[in-house]
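Undergrad: sequence first, then the predicted structure, then my questions.
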Amino acid sequence: MHLLGYMYIEYGYLDSAKKYLLQSHELTKEIKNEKVIAQNYRLLAIYYESTDNFDKALDLLFRSLIIRKRIKDEKGENATYISIGVIYQRLNLDSKAIIYYSKALKYFERVQNEAAITSIYSNLGAIYNGIGKIDSAIIYLEKVIEYKSKIGDKISLAKAYHNIGTSYSYLGKYNKAISYFNKAIELKAGNETNFSSANDYSMLGRCYLKIKNYAEAEKYLLIGEKNLKANNGLSNLIETYQFLADLYEEKKDFTKSIYYTASLNRLNDSLELVKNKSYISEFETKFKTLEKEQENELLKAQNQLLESESKNNTLLAISLLVVLFISIYLAFNLKLVRKTKDKLINKNKIIELKNKEVANQNKNLAQLIEENQSLMGILAHDLRSPFNKISGLTHLLEEEKDENEKAIFINYINTICKDSLQLIQDTIDISEIFNDKHTVTSVKFEKFSPSDVLDNLMNSFKVIAKEKLIEIEVINAIERLEITNSKDYLTRILDNLLSNSVKFSPIKSQVIFTATLLNNNLVFSIKDNGPGFTELDKQQLFMRFKKLSARPTANEASSGLGLFIVKQLTNLMHGDIQVISEFGKGSEFVLTIPVKLPNNA
């Protein structure tokens, strides 16, 4: 019966597994077979682990381990080490998991149990995935796949395909990862709704999200979400909610993105994995004392048995009847208490969910208010300085009699006005983005020559570059090319990038502006000899309201909004923008937009 329960766990039917395992446990307690009791403890622990009840699982495993050591069941002892390692692995305590896996591995390598060895290899592969040692993970998992393919173990082979698919997804080899996840799903044909298949669908959706195949990503992530909910896979459901939130954010469906972000936060609060982790040290410290306690309990039970056997059979029968009636009475009352308790728990959960929803709404409102205040603060601060400068220069103009000096002052005023207008334009753009006025449906796509855009930009930047003695070298390899996209957005993006290069480049330096055609994509590169970006800068590069470490070399204005706007407009053009930079050695921005828009644009 306990083996039947284990098979139900393997196939993801957790309720049936629990039923048979508990029945088996009650039977083995009656026949007092310690080896089978230890086996049941371990199998029940595997069930509780699959439902994320880690404290209960660890308690049962340590009880099993005590019995295994006492009866000198070496094989069972090391199998229990593997199960303990699995719990630590689920709790992200990888160093502890590796310790227990290593203990078991020594034994199974000594007895040449290849099935157990490959099981440990599979778990070590998953751990090395988690701690970033992807190459080591792949080595272990390829060994697992070789052995499981040879013996035809579809369940374990599917698990190995899932783990190695995860490895390749971490390496950014998403197509290869997709191939392995599909293999895992094929091996589980007929069991698409179980727990492990749900994880395959979620990871498959994540890979499609990474290669921006949003339709396939949405399809598989929603399947994964549905099946994880059905199987109570809470920790994996958290990851799936994160993937769905990211998907809808990239699709500009902010309503759904906010919904899944809120679901993610609620689930994180309810899972209480941290609480489970806090129990671990308690179980480990109890381990040795439990051994002696159980030995004492065993001796006590034996003495009680001898005493009870000496009693009159009639008195024993009467006692058993009394106990039976009391048990029935207590069971009936306990059922009523539990039913009432369950109702109260459900009501409390509903209240907690509503409170969390209100808290999330308040948090979002506070964030919007804070962002609006930040925007107005930036505008007020960055406009005050130019207005003060203009005021001072007008007083100097009134007093200055030299026409050459007047011309210089007028030129300064003109430059300050241009910078202020750019700041106002950036602020308008940010406001439109926040209010969803810049959406895919609002973009004006038209046929135009990108070369004409370059020519106009060069004419507008001649004077600015000349003032700082900066040479702008243009390499134009797209003179006769025409594309269909947003001419206005392309102009604004390139204007912003070129303006930054000139603004942050030292005097008497060079900016290289390249336009080429590569694999049906239009690629623009703007490379300068400015201060470059730190690692922290690169993390915050396209965030709103972020002023980076570099400063303009001629005290030009900088709002911290430009690159955020560039990123948003690039997305609306179905393009991509990357930065190549090393601090102190300049930077290169690379803008890529498609020559031909996708069919759904």
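TA: Cool, got the structure. Residues are numbered from 1 along each chain as shown.
Undergrad: by mean pLDDT, flag the weakest helix or strand of the protein.
TA: Every helix and strand in the chain was compared by mean pLDDT, DSSP states H and E; the lowest is helix 273-278, with a mean of 46.
Undergrad: all strands for the stretch 501-601 of the chain, in order.
TA: Per DSSP state E, counting those that start in this stretch, the stretch 501-601 of the chain carries strands over the ranges 510-518, 521-528, 576-581, 587-594.
Undergrad: show me the domain layout of this structure.
TA: 1-112, 341-430, 440-594 (automatic domain parsing).
Undergrad: those: which one's closest to Ala126?
TA: Closest to Ala126 of these, according to Cβ to Cβ: domain 1-112, at 6.8 Å. Heads up, the C-betas are built off the backbone N, CA and C, glycines and all.
Undergrad: pLDDT of the closest one, averaged?
TA: For domain 1-112, the mean pLDDT works out to 84.
Undergrad: residue contacts, Lys356?
TA: Residues in contact with Lys356 (Cβ atoms under 8 Å, 6 or more residues apart in numbering) are Asn265, Arg266, Asp269.
Undergrad: out of the residues you listed, which is nearest to Leu597?
TA: The nearest member of these to Leu597, counting by Cβ to Cβ, is Asn265 at 36.3 Å.
Undergrad: run the chain-centre distance for the longest helix along the chain.
TA: Secondary structure of the chain read by DSSP state H shows that its longest helix is helix 313-399. Computed by Cα atoms, centre = their mean, to the nearest Å, the chain-centroid distance of helix 313-399 equals 21 Å.
Undergrad: mind showing which ranges of the stretch 101-250 of the chain have poor pLDDT?
TA: 190-196, 232-233 (pLDDT under 70).
Undergrad: how about the helices in it?
TA: Remark: helices assigned in the stretch 101-250 of the chain by DSSP state H, counting those that start in this stretch are 114-130, 134-151, 154-170, 174-187, 195-210, 214-230, 234-250.
Undergrad: okay, those helices in a markdown table with mean neighbour count and distance to Thr491 next?
TA: What follows is the helices of the stretch 101-250 of the chain, written out as a markdown table (neighbours: other Cβ atoms under 10 Å; distance: least, Cβ to Cβ, whole Å):
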| stretch | mean neighbour count | distance to Thr491 |
| --- | --- | --- |
| helix 114-130 | 21 | 45 |
| helix 134-151 | 18 | 42 |
| helix 154-170 | 23 | 37 |
| helix 174-187 | 19 | 33 |
| helix 195-210 | 24 | 30 |
| helix 214-230 | 19 | 28 |
| helix 234-250 | 20 | 25 |
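Undergrad: got those as TSV, with distance to Lys32 columns?
TA: Formatted as TSV, those follow (distance: least, Cβ to Cβ, whole Å):
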stretch	distance to Lys32
helix 114-130	28
helix 134-151	36
helix 154-170	33
helix 174-187	41
helix 195-210	34
helix 214-230	38
helix 234-250	37
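Undergrad: surely Val579 touches Glu588?
TA: Yes: applying Cβ atoms under 8 Å, one finds Val579 in contact with Glu588, separated by 7.1 Å.
Undergrad: give me the low-pLDDT residue ranges for the stretch 501-601 of the chain?
TA: Low-confidence segments of the stretch 501-601 of the chain (pLDDT under 70): 545-551, 553-560, 600-601.
Undergrad: show me what contacts Ser202?
TA: Ser202 makes contact with Tyr220, Leu221, Gly224, Glu225, Leu228, Asn236, Glu239, Thr240, Phe243, according to Cβ under 8 Å, 6+ apart.
Undergrad: name the nearest of those residues relative to Met573.
TA: Among the contacts of Ser202, and counting by Cβ to Cβ, the member closest to Met573 is Phe243, at 24.7 Å.
Undergrad: which residue is the nearest non-sequential neighbour of the closest one?
TA: In space, Phe243 comes closest to Arg206 once its chain neighbours are excluded; the distance is 4.9 Å by Cβ to Cβ, 6 or more residues apart in numbering.
Undergrad: tell me who's in contact with the one you found.
TA: Listed by Cβ under 8 Å, 6+ apart, the contact set of Arg206 reads Ser169, Ala217, Leu221, Phe243.
Undergrad: quick one: the last one from Lys103, how far?
TA: It stands for Phe243. Relative to Lys103, Phe243 is positioned 36 Å away (Cβ to Cβ, to the nearest Å).
Undergrad: among the contacts of Lys356, which one lies nearest to Ile493?
TA: The nearest member of those to Ile493, counting by Cβ to Cβ, is Asn265 at 34.3 Å.
Undergrad: quick one: the closest one and Asn360 touch, right?
TA: Yes: between Asn265 and Asn360 there is a contact under Cβ under 8 Å: 6.7 Å.
Undergrad: and the strands of the stretch 501-601 of the chain as a markdown table, adding mean neighbour count and distance to Glu467?
TA: What follows is the strands of the stretch 501-601 of the chain, written out as a markdown table (neighbours: other Cβ under 10 Å; distance: least, Cβ to Cβ, whole Å):
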| stretch | mean neighbour count | distance to Glu467 |
| --- | --- | --- |
| strand 510-518 | 16 | 14 |
| strand 521-528 | 20 | 16 |
| strand 576-581 | 16 | 25 |
| strand 587-594 | 20 | 21 |
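Undergrad: before we move on, the earlier item: pull out the buried residues from the contacts of Lys356.
TA: Asn265, Arg266 (16 or more other Cβ atoms under 10 Å).
Undergrad: Asn496 contacts Leu561, doesn't it?
TA: No: Asn496 is beyond contact range of Leu561, at 9.6 Å (criterion: Cβ under 8 Å).
Undergrad: now do the contacts for the nearest residue to Lys143 once chain neighbours are set aside.
TA: Nearest non-adjacent residue to Lys143, counting by Cβ to Cβ, 6+ apart: Tyr121, 5.5 Å away. Listed by Cβ under 8 Å, 6+ apart, the contact set of Tyr121 reads Tyr140, Leu141, Lys143, Val144.
Undergrad: nice, that's everything, thank you.
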